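K.L.:
only the shape, not the letters, is given here:
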């Protein structure tokens with residue numbers, strides 16, 4: 001079954017503020033064997049009234065948020081997502097952002113980059129946070145068994161849940177263990193703090209919100225390493241659209257979501273009748289076409305849908321090496 005998104009975002013008007021509300025609501029795609037994301041309690045926003053006040057103040061005066069995001073809306077969705085986390089850790093009452101996009105090198109060789117480095121306002125320990133936002137579509141057949149995370153691939157077929165988890169485990173999250181990383185942190189934080197800059201232990205965290213889109217006619221189980229609480233959508237080939245559409249409530253409205261605006265859905269007034277959207281869809285899929293994401297709304301409930309070319313997937317990434 002698809003996931004009906006909560007209405008928390010509906011209390012706010014500015015698109016970036018709505019995206020922050022969505023980000024704070026959306027569960028991670030990974031299970032609890034992975035390091036947890038910064039929680040609302042850690043950020044000093046655990047109380048619903050305090051969170052609502054924080055977001056409403058931003059909604060009324062979003063200039064600081066807009067400055068932090070800058071031109072990221074013109075680029076990758078991942079970059080925009082990083083900017084939102086930078087702002088949260090910088091502005092939330094319970095955390096302090098120390099550094100972001102911290103390059104780690106050995107001589108002229110770049111070893112990697114620390115997405116975010118922060119600390120709690122009431123504790124000196126450094127925390128390394130890696131962030132990723134992912135929207136994966138499940139394949140009814142291969143590679144692997146039905147629970148294999150390699151079955152879940154990006155819309156463009158360039159990556160998979162399996163390859164992302166492998167990269168996180170083998171490289172990104174372990175980067176803070178390296179002596180080169182500790183030296184990079186010492187240099188970046190010189191003059192920012194009193195006392196030792198880097199202790200023996202740097203805490204690791206992961207924030208990986210997003211959605212998994214089930215095949216319309218052949219739903220899959222939760223992938224290994226994935227969270228049972230993840231938000232769900234559906235995907236179907238363009239040739240299946242009419243059959244799918246005919247099963248929707250008559251008053252369903254829709255909107256075409258363009259990247260990077262895949263986080264919070266727009267306000268209800270932006271949705272139009274299905275018939276208004278179908279002409280654009282037919283034109284898009286008249287030839288070989290890229291996948292598109294659509295939001296559907298009926299009875300104040302929003303659901304997500306990916307529509308893909310009848311020849312999709314054009315490519316399937318290889319599973320990572322064991």
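P.N.:
Here it is on my side, so go on. Computed from a prediction, not measured in an experiment: that's the story for all the values here.

K.L.:
okay, buried residues for the host helix or strand of residue 162 please.
P.N.:
Per DSSP states H and E: residue 162 is located in helix 161-167. Neighbour counts over helix 161-167 (16 or more other C-beta atoms under 10 Å) mark 161, 162, 163, 164, 165, 166 as buried. For every residue, glycine as well, the C-beta is placed using N, CA and C.

K.L.:
what helices and strands are in contact with it?
P.N.:
Judged by 3 or more C-beta pairs under 8 Å, 6 or more residues apart in numbering; DSSP states H and E, helix 161-167 is in contact with strand 134-138, strand 152-153.

K.L.:
and the contacts of it?
P.N.:
With contact meaning C-beta atoms under 8 Å, 6 or more residues apart in numbering, helix 161-167 is reached by 29-30, 132, 134, 136, 148-150, 152-153, 212, 223, 225-226, 317, 319-321.

K.L.:
can you give me how far the helix or strand following that helix is from the chain middle?
P.N.:
Toward the C-terminal end, the helix or strand that comes next after helix 161-167 (DSSP H and E) is helix 179-189. The chain centroid and the centroid of helix 179-189 are separated by 28 Å under C-alpha atoms, centre = their mean, to the nearest Å.

K.L.:
walk me through which strands whatever helix or strand comes next after helix 179-189 pairs with, and which way each runs.
P.N.:
Downstream of helix 179-189, the first helix or strand assigned by DSSP H and E is strand 203-207. Sheet pairing for strand 203-207, assigned by DSSP bridges, gives strand 127-131 (parallel).

K.L.:
now do the strand it pairs with and helix 179-189, the angle between them.
P.N.:
100 degrees (axes from the mean of the first three to the mean of the last three C-alpha atoms, to 10 degrees).

K.L.:
could the buried residues of helix 161-167 go into a markdown table alongside pLDDT?
P.N.:
Listed next are the buried residues of helix 161-167 as a markdown table, based on pLDDT from 0 to 100:
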| residue | pLDDT |
| --- | --- |
| 161 | 98 |
| 162 | 98 |
| 163 | 97 |
| 164 | 97 |
| 165 | 97 |
| 166 | 96 |
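
K.L.:
in contact with the nearest residue to residue 177 once chain neighbours are set aside, which residues?
P.N.:
Of all residues not flanking residue 177 in the chain, residue 202 sits nearest, at 7.8 Å (C-beta to C-beta, 6 or more residues apart in numbering). Applying C-beta under 8 Å, 6+ apart to residue 202 gives the contacts 125, 126, 127, 128, 176, 177, 182, 185.

K.L.:
again, but for residue 256
P.N.:
Contacts of residue 256 (C-beta under 8 Å, 6+ apart): 277, 280, 281, 292, 293, 294.

K.L.:
please repeat the previous calculation with a cut-off of 7 Å.
P.N.:
Residue 256 makes contact with 277, 280, 292, 294, according to C-beta atoms under 7 Å, 6 or more residues apart in numbering.

K.L.:
give me the buried subset of those.
P.N.:
277, 292, 294.

K.L.:
list the buried residues for stretch 313-322?
P.N.:
Buried-residue list, stretch 313-322, by 16+ other C-beta under 10 Å: 313, 317, 319, 320.

K.L.:
for stretch 129-143, that is, sorry about that
P.N.:
129, 130, 131, 132, 133, 134, 135, 136, 137, 138, 139.

K.L.:
contacts for that stretch, please.
P.N.:
So stretch 129-143 is contacted by 29, 38, 77-78, 81-82, 85, 115-116, 118, 150-155, 161, 164, 168, 172-173, 205-215, 218, 220, 235, 262, 306, 316, 319 (C-beta under 7 Å, 6+ apart).

K.L.:
ends of that stretch, how far apart?
P.N.:
One end of stretch 129-143 to the other measures 31 Å (C-alpha to C-alpha, to the nearest Å).
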